[in-house]
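Asks: Starting from these lines, generate the structure:
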Amino acid sequence: MSGKFGRFRRGVAITFIGVLAAGLAACTGDNGSNGDKDSEGGAKPLAVEYDVPEGFKENKDMKPITPLAKNHEVKYFSLDGKESESIFVASYVIDVDTTDLDRDELLELVRQYDDKVDNQGKGDPYAAVANGHPGFHKWTKQATKTGDEQFITYDAEYFFEGKRMVQVGCQYKDQEAEIAKACRTVLGSLEF
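Replies: Numbers count the residues shown, from 1 in each chain. Predicted structure coming up:
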């Protein structure tokens, strides 16, 4: 009888350890941050990979006019060194966990970002897909804070994952077709 009892206790102990390990694993998650923390313990923006279009070079002098969240990373790529002909890829940590939000709630977030940048562009956001990632597209006309230009125009794509958002912006002035082609290259290879 002690043999059966011993096997029972071992089975209970193994089950308990399994449940404890699962519970500890569940306690360490942070709703979509994948455990990535910055040096201060806060969530880091998603690592984003994509192909840089031919003819575009990184422009480290460009900065967002109005960042959509405090914690972000952004890279700009300009065609022939012209800031008016650029693509940017931004990764943000946002305040809202989007994991369980429905389409209308996500659209409301996009509208809030529109308000934040004081978008002068007309029209509603619509569904977009980038390399299998569902998101939203919105044409944006944003006032500049400096320089000769009063407005910049760009197509903005928004993709959400937990408390993270990836935004791809395709800004054009004179070379819309070239920027559209380059934007397809970035969106078609976008991974996060």
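Asks: Would you enumerate the residues in contact with the spatially most central residue of the chain?
Replies: Against the mean C-alpha coordinate of the chain, by C-alpha atoms, centre = their mean, the closest residue is Val166 at 1.4 Å. Residues near Val166 by C-beta atoms under 8 Å, 6 or more residues apart in numbering: Leu46, Val48, Val89, Ala90, Ser91, Tyr92, His133, Tyr158, Phe159, Leu190, Phe192. Any C-beta I mention is one placed from the backbone N, CA and C, and that applies to glycine too.
Asks: any idea which of the residues you listed has the most stuff around it?
Replies: Neighbour counts for these (other C-beta atoms under 10 Å) peak at Phe159, which has 25 neighbours.
Asks: I figured that one was touching Ala130, is that so?
Replies: Yes: if you go by C-beta atoms under 8 Å, Phe159 and Ala130 touch, sitting 6.4 Å apart.
Asks: tell me, what's touching these two both at once?
Replies: Here Phe159 and Ala130 share the contacting residues Val168, Leu190, scored by C-beta under 8 Å, 6+ apart.
Asks: And the chain, what are its domain boundaries?
Replies: 1-30, 56-189 (automatic domain parsing).
Asks: Figure out the length between the terminal residues of the longest one.
Replies: To tie it back to what came earlier, the one meant is domain 56-189. 15 Å (C-alpha to C-alpha, to the nearest Å).
Asks: Next up, identify which helix or strand the closest residue to Gly123 other than its chain neighbours is on.
Replies: If the residues on either side of it in the chain are set aside, Gly123 comes closest to Trp139, at 5.9 Å by C-beta to C-beta, 6 or more residues apart in numbering. In this structure, Trp139 is located in strand 133-143 according to DSSP states H and E.
Asks: For stretch 167-186, list the C-alpha coordinates in CSV.
Replies: Provided in CSV are the C-alpha atoms of stretch 167-186 (Å, rounded to 0.1, in the frame of the first residue of the first chain):
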residue,chain,number,x,y,z
GLN,A,167,3.6,53.4,-37.1
VAL,A,168,4.9,53.7,-40.6
GLY,A,169,4.8,57.1,-42.3
CYS,A,170,5.3,57.8,-45.9
GLN,A,171,5.9,61.5,-46.4
TYR,A,172,5.9,63.1,-49.9
LYS,A,173,5.9,66.5,-51.5
ASP,A,174,7.0,66.1,-55.2
GLN,A,175,7.7,62.4,-55.6
GLU,A,176,4.5,60.7,-54.5
ALA,A,177,4.8,57.6,-56.8
GLU,A,178,8.4,57.0,-55.7
ILE,A,179,7.4,57.3,-52.0
ALA,A,180,4.4,55.0,-52.6
LYS,A,181,6.7,52.3,-54.1
ALA,A,182,9.2,52.7,-51.3
CYS,A,183,6.4,52.5,-48.7
ARG,A,184,5.2,49.2,-50.2
THR,A,185,8.7,47.9,-49.8
VAL,A,186,8.8,48.7,-46.1
